[in-house]
Structures are given as C-alpha cells and as structure tokens.
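Asks: Sequence and predicted structure are below.
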Amino acid sequence: MANLKEIRNRISSVSSTMQITSAMKMVSAAKLKKAQDAITAMRPYAEKLTELLQNLSATLDGNTGGAFAEQREINKVLVVAITSNRGLCGAFNSNIIKEVKNRAEFYKGKTVDVFAIGKKGNDVLRKTNAVIDNQSAIYDDLSFENVSAIAEVLMDKFVAGDYDKIELVYNHFKNAATQIVKTEQFLPLAPITGGEAISSDYLFEPSKEEIVLTLIPKSLKTQLYKGIRDSFASEHGARMTAMHKATDNATELRNQLKLTYNKARQAAITGEILEIVGGAEALNN
C-alpha cells in the first residue's frame, strides 16, 4: 500500500484536475448558449433560401446553375474537413478525421485532397492525406464575411476545373450531448428536385434566370457558414459533455483515494498504539 504522503499528493493532484475540468465545463456551457442561439436562428433562413432556390429552378429549363451545376466525370475530389482548433472535446475531432479517411477510401483510385478548417484536423490529416490549405484562423473571427471568402476560394477551384466535386464533412449540432457527423455535397450543385413551382402570376425583376444565378453563390456561402456554425456549436457541446464526465470521474477517484488514505492512516495509528501498548507491557514486566 502506498504511504500516506503519496496518497495525499495524489488527492491534491486529482482535486486540482477536477477544478480545471469543472471550470472548463462552465466556460463551454456559457459559449454553447451563444453558439446554439446563432445556429438555431440561422437554420430557418438557410432552409428558406434553399427552398426559394428550388422553387425558382423548378420553373426553369436546362442547366440553370451555370458553372456551379456542371456535372463532370469525377477524377479529383476536395473534402472540406471542419474540425476545431482545440482538443478536450471527446470524439468530436476524431469522428471527422475518421469520416474524411472513409471518404478518401470511398474515392479510392481518384485524387482526393483535403481542405482543413480547424487546427486539430489539419495536424492529423496532413500526415496521411494531401492537405492543400488550412483555415484555422476563421475561428478567431467567425463571421459570414470571413466564411464567404473561403467559400469563394472553393467555388473558384471548382469553376477552374481544379476539382470535379467538393464535399463538406462536419458535426451537425443536435443537442449538447449529441453531434451527428454529416457529409454534404457542396459542388457541383445537386440536381434540384421536388418543391412546388412558384406561381406564374408573379412578375420577376430581373428575370428568373438572373435571380437564380445570383442566389446560387449566396446559397453556397450560406451552406458553408451553416456547416461551420453547426460545428462550432457542436464543439462546445462536446467539450461541455467531456468535461462533465471528466469532473465526475475525478470526483469518484478523489473519493476512492480519500477512503484509501483514511484506511492507511487508521492502520498506521493502530500500529502505533500497539507499539506503545507493547512497550508499556515490556516495561511493566
């Protein structure tokens, strides 16, 4: 059995760890509220924009998506891996890394590059995959304008023919304890089906075609922004959950160590009493 000093040191160490994880849990909970409100408020807008684009496109003939809808033979694929800049959030980052590797395996025999958004994904994926860029600084100022700049880079790469397909891989925020890994096609635009066409009684100014071509870039920027916002909220939810579990585990370990310490201390005291009694008996004899 470890001596009392060693057990005291372990208790002190575990208690310090517990304070750190508890503080991180509270910080993540505060950040989660803001991130959750942002993605919750944005989803109806993104969904309505997509619905509007589908309704307009359903009334048009031919390839209305321009260069962004061009369907090419898939030889070069770009996977956008959206992770976080920090760890201590459970399987949040590892799930994305695993899915990116699965996508690379799915397109085996084709050229698959990775566009990293987040330091953790970049650090791991660059060892096994071709990472062409890392935009981890986006989290320093997460705004629609900054994300739009990244979306424009991706759109330019597709239009220039650098890649035949671009996919987004990110964690979809369901609630604080649940994040769902999603893979979305970013480019080319998926064939638009379903939805009721807008009534012909409406007058469009400018034309429907011009409206669609204007909405497509905005829709793509919104799609990427929503994915990053989803991931950002999921990160704080995953970290809060992970730190909650870590705090619970540290509390349990500390209680076990205290019990072990008390038993060892009791045994030491009992031994000392026996030695005193034995010494007194020896003197009496």
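Replies: Ah, there it is.
Asks: rest of the way, CA atoms for contacts and neighbours
Replies: Fine.
Asks: shaky segments in the stretch 51-200 of the chain?
Replies: Residue ranges of the stretch 51-200 of the chain with pLDDT under 70: 54, 57-65, 191-200.
Asks: buried stuff in stretch 83-92?
Replies: 83-85, 88-90, 92 (16 or more other Cα atoms under 10 Å).
Asks: In those, find the pair that's most separated.
Replies: Asn85 and Gly90 (13.6 Å; Cα to Cα).
Asks: now the helices: where do they sit in the protein?
Replies: Along the chain, counting by DSSP state H, helices occupy 4-58, 92-106, 119-125, 144-159, 208-284.
Asks: what's next to the fourth one, contact-wise?
Replies: I take that to be helix 144-159. Contact with helix 144-159 is made by 67-68, 138, 163-166, 187-188, 220-222, 224-225, as judged by Cα atoms under 8 Å, 6 or more residues apart in numbering.
Asks: Redo these as a markdown table? Include neighbour count and distance to Gly237.
Replies: Output for these, formatted as a markdown table (neighbours: other Cα atoms under 10 Å; distance: Cα to Cα, whole Å):
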| residue | neighbour count | distance to Gly237 |
| --- | --- | --- |
| Ala67 | 17 | 38 |
| Phe68 | 21 | 34 |
| Ile138 | 16 | 19 |
| Tyr163 | 23 | 34 |
| Asp164 | 20 | 34 |
| Lys165 | 24 | 31 |
| Ile166 | 24 | 27 |
| Leu187 | 23 | 29 |
| Pro188 | 21 | 32 |
| Leu220 | 22 | 26 |
| Lys221 | 23 | 24 |
| Thr222 | 23 | 22 |
| Leu224 | 21 | 20 |
| Tyr225 | 24 | 18 |
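Asks: Any chance of JSON lines for the residues you listed, columns distance to Arg10?
Replies: Output for the contacts of helix 144-159, formatted as JSON lines (distance: Cα to Cα, whole Å):
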{"residue": "Ala67", "distance to Arg10": "63"}
{"residue": "Phe68", "distance to Arg10": "60"}
{"residue": "Ile138", "distance to Arg10": "40"}
{"residue": "Tyr163", "distance to Arg10": "55"}
{"residue": "Asp164", "distance to Arg10": "56"}
{"residue": "Lys165", "distance to Arg10": "53"}
{"residue": "Ile166", "distance to Arg10": "50"}
{"residue": "Leu187", "distance to Arg10": "54"}
{"residue": "Pro188", "distance to Arg10": "57"}
{"residue": "Leu220", "distance to Arg10": "53"}
{"residue": "Lys221", "distance to Arg10": "51"}
{"residue": "Thr222", "distance to Arg10": "50"}
{"residue": "Leu224", "distance to Arg10": "46"}
{"residue": "Tyr225", "distance to Arg10": "45"}
